[in-house]
Each structure stands twice: as structure tokens, then as C-alpha cells.
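Enquirer: Provide a 3D model corresponding to the input given below.
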Amino acid sequence: MSEHDVRRVVIRGRVQGVGFRAFVEHTALQRGVEGWVRNRRDGSVEAVLAGPADKVAEMIAAVRRGPSAARVEMLEEFPAGPEDVGRRYPGELFSMLPTA
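Expert: As a prediction, the model looks like this:
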């Protein structure tokens with residue numbers, strides 16, 4: 001059994017208007033990773049990723065690359081907890097939340 005991990009990431013660069021949130025959501029659902037993603041008013045994208053530690057690590061590596069139209073300049077990673085994951089919409093494994 002793999003260790004469970006919950007991480008919050010903030011991605012900066014050309015990450016809005018390039019399909020970044022849809023990429024994160026699709027990639028998370030493919031890997032069975034729970035959480036959410038949203039744009040931030042400062043131009044960054046924020047996500048909370050929860051699941052087996054190896055799958056969360058794969059997600060962070062994928063997000064660091066992003067979709068082809070994106071240019072990731074910086075990715076900050078922070079510990080997170082169940083209360084962070086709980087912001088997603090009820091009944092959804094992974095949610096795209098409104099801009100914050």
C-alpha cells in the first residue's frame with residue numbers, strides 16, 4: 001500500500017488561457033488523483049492534489065511540464081491536508097473551481 005500524500009501547488013508563467021486547468025483535471029482523473037484546480041487573480045494557477053504519494057509525484061511532474069501551449073516558469077509546492085481537498089465540489093473526484 002502506497003503512502004497517501006496531499007500537496008498544494010502554485011504554478012506561475014503562461015498558465016492561464018492555454019488549457020492548463022483542463023490539462024490538470026484530465027491528468028488527475030487519469031491517475032485517480034483527487035483535488036481541485038483554479039485560476040488565481042495574480043495570473044497563477046493553484047491546485048490541490050491528493051492520493052498515493054507516487055501518483056501525486058507523477059502529477060506534480062506533469063504539472064511542471066503543463067500542456068503544450070503553456071510555459072511554466074515556477075512551481076511552488078506546499079503541504080496540504082484533508083480540509084484543502086474538501087474544497088472540491090461534492091461528489092466529484094477532481095473539481096475545477098472558480099478564480100480566487
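Enquirer: drop to CA atoms for contacts and neighbour counts, all remaining ones
Expert: Will do.
Enquirer: avg pLDDT for the lengthiest strand in the chain?
Expert: Longest strand in the chain, counting residues (DSSP state E): strand 4-14. Computed over strand 4-14, the mean pLDDT rounds to 97.
Enquirer: With just CA atoms, put it into CSV.
Expert: Provided in CSV are the C-alpha atoms of strand 4-14 (Å, rounded to 0.1, in the frame of the first residue of the first chain):
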residue,chain,number,x,y,z
HIS,A,4,-1.1,8.9,0.9
ASP,A,5,0.1,12.5,0.1
VAL,A,6,-1.7,15.8,-0.1
ARG,A,7,0.1,18.7,-1.8
ARG,A,8,-0.9,22.3,-2.8
VAL,A,9,0.9,23.7,-5.8
VAL,A,10,1.0,27.2,-7.3
ILE,A,11,2.2,27.4,-10.9
ARG,A,12,3.4,30.6,-12.5
GLY,A,13,4.2,31.5,-16.1
ARG,A,14,2.0,31.4,-19.1
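Enquirer: and that strand, which strands flank it?
Expert: In the sheet, strand 4-14 lines up against strand 45-52 (antiparallel), strand 71-79 (antiparallel) (DSSP bridges).
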